[in-house]
Every structure is written in structure tokens, then in C-alpha cells.
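A.B. asks: Below are the sequence and a predicted model for it; my questions follow.
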Amino acid sequence: MNRTKSHNSKTECNNESEMSANVYKLITNEDKPPDIKYDKENSWIAAVQMFVSFLLAGFGMVAASLLLDVVQHWEVFQKIPGVYILVPALLGLKGNLEMTLASRMSTHANMGHLGACLKQLVVGNLCLIQCQAVLVGFLAAMAAVAMGWIPQGLFDIHQAMLLCASSVLTASFASFVLGLIMIGVIVVSKKLNINPDNIATPIAASLGDLTTLALLSWISSMLYQSLGTSLILPSIIIIIGAILVPACGYVASQNKFTTQALDEGWVPVVSGMVISSTGGLILGYTVSNYQGVAVFQLVINGIGGNMAAVHASRLSTLFHTGQKEKYVISNTTKLLMLMVVPGQLIFVYTIAYLKAGHTSVTPIFILIYVCAALLQVFLLLIISHYLVVWMWKLGLDPDNSAIPYLTALGDLLGTALLGVAFYILFAIGDQDSDLGD
């Protein structure tokens, strides 16, 4: 290969020494020969990186729950209940988009694509998540409208338009801002020799919930106060969103780094929403019987889902770089399991210090709660391993498909196990539904 041809190959992100044939085909839909270099990281360094990122993610979730406790008293939340219904659906769907973006970009970073290919990766992924986010905004709004309409049989076009416009504008703006932040975090982490697989998905979860909730509250409140009975502004927002979807989708479809993600990303996101909804039904039952469940549900579900997402992201990167899966099973699983107890204790005592829950933090409560958290993470890590391996064998990119299922299963398992834990506490305790108050 002469110098000119080699230079052109680098410019087009097609360096022949970068990837194996199967890996490159999964990432860019092209065939290239193998020669991937990936340095094996120190387990203790990885543990520190993951634990710090989990703490940030956990405190982000606590902050989001405290913010929700404040904004739920705003006029728009009181007068339009659909906004409150919209919160879990939009946060769950949007969170999956940010976390899959973080997983994809972490894989590219570990495969050395952030040099010559950075611009192409940024444009393709920002257009991809913009397309996905606007559609997710529509989907979440329709779910909120339906859930608000079915029980009473009443439909208000003004409220429906406000919900849809608020959801679409929030999803679009949050995706653009968070997408840029996540790409920046991954680029900087590689320059600092930090493995982005260890920190990107928890940070995405931490920033995603807080940012999306803050934007949704502010945008819906502004629209509610300025609209009156006019449908002009919501209609304009919805029309612009409808234009963005095909425009951004076309750009993403023409980008070899995002074509497969555009094709594969929809089923996992929607399926994850269905699984999470099942967890919501369980949560509704448990909260009605045990008031103390609510505040701990956010933490146990979030931490469990984040750990499974990190496990899947690291395993996906190892498959993409042609390494043995035994390494991630023997090391990452142990590290993540070791983080469960200290991490959960920090958040439990933080909640107790802030007096945010209804439950007294007693030794028996901590024992049963931590056992539930350990079992949840253990099951999620096993599921994560087999799910990623299965997707890889089917020719699916786990970076695009695994995380929505894992976070949804984290919600389902966490809610169910937390309900069982509170049932046990109630059975052996003082028969008080608040379990201590």
C-alpha cells in the first residue's frame, strides 16, 4: 500500500490495522482484517474508577428524587397530572438512550477511533440520539396521555398537546446537551488513561435523570403559564420535532458508525419500557402497603441497573477487541459485587440523614435491604453476561441492544426484591406499614 492510499484510508476511518473482520462489520458495516491492541487494566484501578462513578450516579439519583419532591408541588404538576405520569416513562426511555450512547462511544474509544474518526462519530451519534429522543418523547407523551385518559374516560386536547410538546422539547434538548457532555467525558477519560467503560454509563445515568427532570419541569411550567388555551406554540414544537426525526434519521443512516444502531435500537428500548411498566405495577402495590419502599426503590433500581450496564459495556468492548470473556467474568463480576454493600450503605445513611424516607434505619433493616440488593446485582450480572454473549452470537451489537433490557430488568428485580424485603420486615416487625415511624 503506497503512502497516498494509506493517508486516504486513515482519513476515511478505514485503517486496515484497526479491527477484525467481524468486529469492524458490527461497528461500521465493512470488512477489515484484525490487529486490535487493548491494554489489560489493573483491577484495583478499575475498582476505584467504577466505585467513584457509582457514587456520583447514586447521588445524582438522590438529587433527582429530591428535585421531584419539590417540583411535584408546582402548579403544572397539580393541574395536569399527566406531567407526573410522564416523568418515569420519559426518564426511563431517555436514560436508555444516553447509556447506549455511552456504551457505544466507550467501545469506539477503546478501539482507537477517537482520532481520525471523532467528527464522524460525533455527528452520527448526535443525529442518532436526536432521532431516537424525539420519537421517545412522542412515545412517552402518548403513554402518559393514555394512562391519564383510560381511568376517567376524559380527553383534553390542550393537556395532550402540552404534554407532547413538553416531552418532545425536553427529550430533544436534553439529548443534544447530554450527548455532547458524554462524548466530552469519554474523550477526556481516554486522554487521562481512564477506561470509559468504567465511568461513562453511570455518569450518563446520573446526569440523565437530573437534567431531564429539571428540563421537563421547567419547560412544562413555562408552556403551561404562557399558553392559556392556545395550541399554536405546542403545534409548532411538535411539527419541528416531526421534521427532525426523518432528517436526523437520514444522516444517521448514512453514517457507517450508526447505521446498525439505527436499525437495532428500537426494539430493546420499547421492550425495556414494557418490562419497566411491569415493575411499576409491582411498585404501585408495594407502596400502597409499605410507604417506606418509595425512596429506596429509586436507589436499589438505579444502582443495580448501572452495575449491569457497566458489566455489559465492558464485556461488549472485550468482544469487540477480540479478548477472552473469562477475564471480565472473573474480575469485573467480583469488583461489582464487592461494591454493592459499601455503596448501598452510603446511600441508605444519606437518605436517613436527609430524613427523606418513612423507614427507620435499624440493623435488621440494613441486613435485609443489603441482602436484597446483593441478590439483585448477582442475578443482573449473570443475565448481563448471557445476554451479551447471546446477542454477539446473533450478530447484534450489545452496545446498541443490551442496556435497555438490563436497566428494565434492574427495575423489575429491584422493585420485586424490595417488596419482599419490606414484607419480611413487616412480618417480623411492629406491624406498622411505615416500618418504624
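C.D. replies: Received it, and whenever you're ready, just let me know what you need.

A.B. asks: Can you spell out the domain ranges of the chain, please?
C.D. replies: 1-36, 43-264, 265-437 (automatic domain parsing).

A.B. asks: can those go into JSON lines with extra columns for mean neighbour count and mean pLDDT?
C.D. replies: C-beta here means a position set from N, CA and C on the backbone, and glycine is covered the same way. As requested, the domains of the chain are exported to JSON lines (neighbours: other CB atoms under 10 Å; pLDDT from 0 to 100):
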{"stretch": "domain 1-36", "mean neighbour count": "15", "mean pLDDT": "44"}
{"stretch": "domain 43-264", "mean neighbour count": "20", "mean pLDDT": "82"}
{"stretch": "domain 265-437", "mean neighbour count": "20", "mean pLDDT": "79"}
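
A.B. asks: what residues does stretch 224-243 touch?
C.D. replies: Here stretch 224-243 makes contact (CB atoms under 8 Å, 6 or more residues apart in numbering) with 75-76, 79-80, 134, 137-138, 157-158, 161-162, 164-165, 168-169, 172, 223.

A.B. asks: can we see that at 7 Å?
C.D. replies: Contacts to stretch 224-243, defined as CB atoms under 7 Å, 6 or more residues apart in numbering, come from residues 75-76, 80, 134, 137, 158, 161-162, 164-165, 168-169, 172, 223.

A.B. asks: wait, which of those is closest to residue 426?
C.D. replies: Minimum distance to residue 426 across the contacts of stretch 224-243 is 35.0 Å, recorded for residue 80 (CB to CB).

A.B. asks: Show the contacting residues for that closest one.
C.D. replies: By CB under 7 Å, 6+ apart, the contact list for residue 80 reads 159, 162, 224.

A.B. asks: Between those, which sits nearest residue 400?
C.D. replies: Closest approach between those and residue 400, by CB to CB: residue 162, at 32.5 Å.

A.B. asks: which element is that closest one on?
C.D. replies: Following DSSP states H and E, one finds residue 162 within helix 157-191.

A.B. asks: Distance from the chain centre to the next helix or strand after that helix, please.
C.D. replies: Using DSSP H and E, the helix or strand that follows helix 157-191 in sequence is helix 196-227. Mean C-alpha position of helix 196-227 versus that of the full chain (CA atoms, centre = their mean, to the nearest Å) differs by 12 Å.

A.B. asks: doesn't residue 73 fall inside a strand?
C.D. replies: No. Counting by DSSP: H, G, I helix; E, B strand; the rest coil, residue 73 falls outside a strand, being coil.

A.B. asks: quick one: contacts for it?
C.D. replies: Contacts of residue 73 (CB under 7 Å, 6+ apart): none.

A.B. asks: Now the phi/psi pair for it, please.
C.D. replies: In terms of degrees, to the nearest 10, the main-chain angles of residue 73 are phi -90, psi 0.

A.B. asks: Figure out the helix or strand that the nearest residue to residue 244 once chain neighbours are set aside lives in.
C.D. replies: Nearest non-adjacent residue to residue 244, counting by CB to CB, 6 or more residues apart in numbering: residue 134, 5.3 Å away. Residue 134 belongs to helix 118-149 when assigned by DSSP H and E.

A.B. asks: how distant is that helix from the center of its chain?
C.D. replies: On CA atoms, centre = their mean, the centre of helix 118-149 falls 13 Å from the chain's centre.

A.B. asks: relative orientation of that helix and helix 157-191 in degrees?
C.D. replies: On the basis of axes from the mean of the first three to the mean of the last three CA atoms, to 10 degrees, helix 118-149 is oriented at 150 degrees to helix 157-191.

A.B. asks: I'd like to know which elements helix 118-149 is packed against.
C.D. replies: Applying 3 or more CB pairs under 7 Å, 6 or more residues apart in numbering; DSSP states H and E, one finds that helix 118-149 makes contact with helix 81-110, helix 157-191, helix 232-253.

A.B. asks: contact partners of stretch 174-194?
C.D. replies: By CB under 7 Å, 6+ apart, the list of residues contacting stretch 174-194 from outside reads 49, 94, 97-98, 101-102, 105-106, 109, 114, 122, 125-126, 129-130, 133, 196, 199-200, 203-204, 207-208, 211-212, 215.
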